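*Asks:* Give me a 3D structure for the following:
(one chain, ligands or ions: 1)
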Amino acid sequence: WKEWVIDPADHSYYIWLHVMIVPILYNWVIIILTCFKAIAVSYLPVWLTLDYMSDLMYYADTILTLHTYLDQGILIKNLTRLRKRYLTSKRFLIDLLSLLPTDFLYFVFGIETPMVRVNRLLRIPRLNEALDRMETRTSYPNTFRITKLMMYIFVLIHWNACLYFSLSDYIGFGMDRWVYPNISNPTFATMQRQYVYCFWFSTNIFTTIGDTPLPEREEEFLFMIADLLIAVLVFASIVGNVGSVITSLRDRDNVFFPNHEMMRENEILLQLPLHMRTEIGVSVHLPTLSKVTIFQNCEKSLLEELVLKLTPQVFSPGEYVCRKGDVGHEMYIIKEGKLAVVADDGVTEFAVLSAGNFFGEISILNIRNKSGNRRTANIRSIGYSDVFSLSKEDLTDVLSQFPAAKRHLEEKGRQILVKMGMLDESAEEGDGDADQIETKLTKLEDHLELMQTKLARLMVELESSNSKMQARVERLEWELASQEADMLVYGEIEEMTKKRGEGVGEEV
Ligand SMILES: Nc1ncnc2c1ncn2[C@@H]1O[C@@H]2COP(=O)(O)O[C@H]2[C@H]1O
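*Replies:* Numbering: from 1, shown residues only. Next up is the predicted model:
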């Protein structure tokens, strides 16, 4: 097990973080609670048991931390490196301090002074880590944030209540109106009354309700001043946070879905290299695309091209995706959620579309219908729905490569139009002629292009043979000239030889 390394991305690690919330919160609440002597003494065995159980969990947590480390997001599996990193970090120092067996101080201060264990509070970074992780995973982030803030508020008031009780004890219970009343009075003697009264007193100060007796001694004044400062500086900001969470909860639609487009997702993806973007797009969106009948038989390369063209959008309950009569610029593929095709009265539902269905194709596919390129129906989101939109240009581009999908889309569109009595039959027939002419034109264009290519090739060939010919002629001319020169020289020599021969004969 020495080689055992735990990945912080593992679910088991996440669960462990949850578990660690318990001992950390326990220490944060109980250590100070024992300022109430009655509570500390009456439940001493319980506190001691829980104390040492929490210590055991602290030890286990330290061992676990020793076996996990991400270096720039990459899990380090080299145990020596892991250990070195942890043992030299500030975190280790804090963890070590929180594990110091300060309990031996019980021998000095007595068993009812759990404040000797105050070093256990140093594990707070682990609590923050656990809460941060939970916040990113929860489906109810706002509820979670409010609960977290309420927890902070509770701990703050709790600590203040305990300190108030301790101060009252120090000054003397019932010595004046400000301190906790005399505990020999049966009304204020019980543990519950002591705690609840102090908690109420503390809440009054922090919420600056001001319904507390006036302090009479310097210590009391100082306590009140410190509390009021905390109330203004700390408490107000915590309460303000609750306010902003509630506001964001109310304006959730505006905050989370500005312009109904998840711009950030796209922005982030745009920063990535094309290959990586395609990979991510394929792994995230392919399950949705494979549910769409028209794209089921597409080759992978085409789907890869398609995913890059999809824009994710979110619609909130009751929101209209498109309205009848609008000019269509894109079609939609449903990733999650349900949408209804509704009549103009907004109540009658003609059909309900769900994950894997698509809509909005009629107005962008040039299917001849009585409403031209305008939307033929209203589409309204029933709950929250995740859809992909695909622009007219991108769809045309993709369909030009995949005629089967085009036929399927057109067929579905025609069926809907027939059902609604909106198919323009005459235009459809006329469409046939137009299609034929278009096909002929395309063919002619293709031929023209081919001819142009051939002509260009011929010109190139002509030019090259021309220059070759020219070079050959030049070479021949040069050879001829050199031969003529040779012959001239040869003739002269022969003549000279002849002359010489004649001379010799004469002499003989
Ligand atoms: N009865 C119906 N059943 C399913 N979908 C429909 C129905 N009527 C219209 N639609 C879709 O709603 C879309 C509205 O915009 P479009 O006209 O572009 O394309 C339309 C179709 O995709």
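*Asks:* Give me the distance between residue 18 and residue 50.
*Replies:* 18 Å (Cβ to Cβ, to the nearest Å). For the C-beta atoms, the positions are set from N, CA and C on the backbone; glycine is no exception.
*Asks:* The two: who's more crowded?
*Replies:* When residue 18 and residue 50 are compared for neighbours, residue 50 comes out ahead with 16 against 12, by other Cβ atoms under 10 Å.
*Asks:* which other helices and strands contact the host helix or strand of the more buried one?
*Replies:* Residue 50 is part of helix 44-66, with elements assigned from DSSP states H and E. Helices and strands touching helix 44-66, as assessed by 3 or more Cβ pairs under 8 Å, 6 or more residues apart in numbering; DSSP states H and E, comprise helix 11-33, helix 79-87, helix 90-99.
*Asks:* Report all helices and strands that the host helix or strand of residue 283 contacts.
*Replies:* Under the criterion of DSSP H and E, residue 283 resides in helix 274-291. Helices and strands touching helix 274-291, by 3+ Cβ pairs under 8 Å, 6+ apart, are helix 263-270, helix 300-307, strand 330-336.
*Asks:* follow-up on the earlier one: and the helix holding residue 50, which residues are buried?
*Replies:* Residues 47, 50-51, 54-55, 57-58, 61-62, 64-66 are the ones in helix 44-66 that count as buried (16 or more other Cβ atoms under 10 Å).
*Asks:* Next, work out how far apart the closest residue to residue 99 other than its chain neighbours and residue 33 are.
*Replies:* Among residues not flanking residue 99 along the chain, residue 58 sits closest, at 5.8 Å (Cβ to Cβ, 6 or more residues apart in numbering). Separation of residue 58 from residue 33 (Cβ to Cβ): 19 Å.
*Asks:* What mean pLDDT does stretch 225-234 get?
*Replies:* The pLDDT scores in stretch 225-234 average 88.
*Asks:* sorry, back to before: outside of the helix holding residue 50 itself, list whatever touches it.
*Replies:* Applying Cβ atoms under 8 Å, 6 or more residues apart in numbering, the external contacts of helix 44-66 come out as 6, 13, 16, 19-20, 22-23, 26-27, 30, 34, 40, 82-83, 86, 91, 95, 98-99, 103, 111-112, 114, 117, 120, 123, 126.
*Asks:* if I pick whichever residue of the stretch 1-150 of the chain sits closest to the ligand, what's in contact with it?
*Replies:* Going by Cβ to the nearest ligand atom, the ligand is nearest to residue 139 of the stretch 1-150 of the chain, at 30.1 Å. If you count contacts by Cβ under 8 Å, 6+ apart, residue 139 has none.
*Asks:* distance of it from residue 336?
*Replies:* 13 Å.
*Asks:* Check residue 20 and give its pLDDT.
*Replies:* On the pLDDT scale, residue 20 is placed at 94.
*Asks:* same deal with residue 361?
*Replies:* 87.
*Asks:* doesn't residue 176 make contact with residue 217?
*Replies:* Yes: here residue 217 reaches residue 176: they are 7.0 Å apart, a contact under Cβ atoms under 8 Å.
*Asks:* Flag every residue of this structure that's near the ligand.
*Replies:* Taking Cβ under 6 Å from any ligand atom as the measure of proximity, the chain contacts the ligand at 322, 328, 341, 350-351, 359-363, 375-377, 379, 416.
*Asks:* Which ones among those residues map onto strands?
*Replies:* 322, 341, 350-351, 359, 379 (DSSP state E).
*Asks:* Only the buried members of those: can you turn that into a ChimeraX selection?
*Replies:* ChimeraX command restricting these to the buried ones, with burial defined by 16+ other Cβ under 10 Å:
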select :322,341,359,379
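*Asks:* now, among the ones in strands among the residues of the chain next to the ligand, which is nearest to residue 201?
*Replies:* Proximity of those to residue 201 (Cβ to Cβ) peaks at residue 379, which lies at 58.5 Å.
*Asks:* Could you pull up the mean pLDDT of the longest helix along the chain?
*Replies:* Secondary structure of the chain per DSSP state H: the longest helix is helix 425-507. Here helix 425-507 scores 79 as its mean pLDDT.
*Asks:* Compare the helices and strands packed on helix 274-291 and say which comes out lowest on pLDDT.
*Replies:* Among the helices and strands packed on helix 274-291, helix 263-270 scores lowest, with a mean of 62.
*Asks:* In contact with the closest residue to residue 328 other than its chain neighbours, which residues are there?
*Replies:* Nearest residue to residue 328, sequence neighbours excluded (Cβ to Cβ, 6+ apart): residue 363, at 2.9 Å. Residue 363 sits next to 327-328, 371-376 when contact means Cβ under 8 Å, 6+ apart.
*Asks:* quick one, what contacts residue 398?
*Replies:* Listed by Cβ under 8 Å, 6+ apart, the contact set of residue 398 reads 302, 305-306, 309, 390, 405.
*Asks:* Narrow these to just the buried residues.
*Replies:* Among the contacts of residue 398, those classed as buried by 16+ other Cβ under 10 Å are 305-306, 309, 390, 405.
*Asks:* Just flag the most distant two among those residues.
*Replies:* For those, the farthest-apart pair by Cβ to Cβ is 309 and 405; their separation is 13.7 Å.
*Asks:* got any ranges where the stretch 1-150 of the chain has weak pLDDT?
*Replies:* Along the stretch 1-150 of the chain, the parts satisfying pLDDT under 70 run over 1-3, 69-75.
*Asks:* For the ligand, what's the nearest residue on the stretch 401-508 of the chain?
*Replies:* Nearest to the ligand in the stretch 401-508 of the chain, going by Cβ to the nearest ligand atom, is residue 416, at a distance of 4.6 Å.
*Asks:* I figured residue 163 hits residue 35, correct?
*Replies:* Yes: the criterion here is Cβ under 8 Å, and residue 163 meets it with residue 35 at 7.1 Å.
*Asks:* Against residue 125, how distant is the closest residue to residue 13 other than its chain neighbours?
*Replies:* Once flanking residues are discounted, residue 13 sits nearest to residue 6: 5.6 Å by Cβ to Cβ, 6+ apart. To residue 125, residue 6 is 18 Å away according to Cβ to Cβ.
*Asks:* So what's the residue count around residue 421?
*Replies:* So residue 421, with other Cβ under 10 Å, has 7 neighbours.
*Asks:* Equivalent analysis for residue 334, please.
*Replies:* Counted with other Cβ under 10 Å, residues neighbouring residue 334 total 23.
*Asks:* What of residue 438?
*Replies:* As a burial measure, residue 438 scores 11 neighbours (other Cβ under 10 Å).
*Asks:* Equivalent analysis for residue 201, please.
*Replies:* 23.
*Asks:* try residue 91
*Replies:* So residue 91, with other Cβ under 10 Å, has 14 neighbours.
*Asks:* Let me see the contact set for it.
*Replies:* 65, 125.
*Asks:* re earlier: not counting sequence-adjacent ones, nearest residue to the residue of the stretch 401-508 of the chain closest to the ligand?
*Replies:* Nearest one to residue 416, counting by Cβ to Cβ, 6+ apart, is residue 362 at 6.6 Å.
*Asks:* The one you found: what's it in contact with?
*Replies:* 328, 369, 375-376, 413, 416-417.
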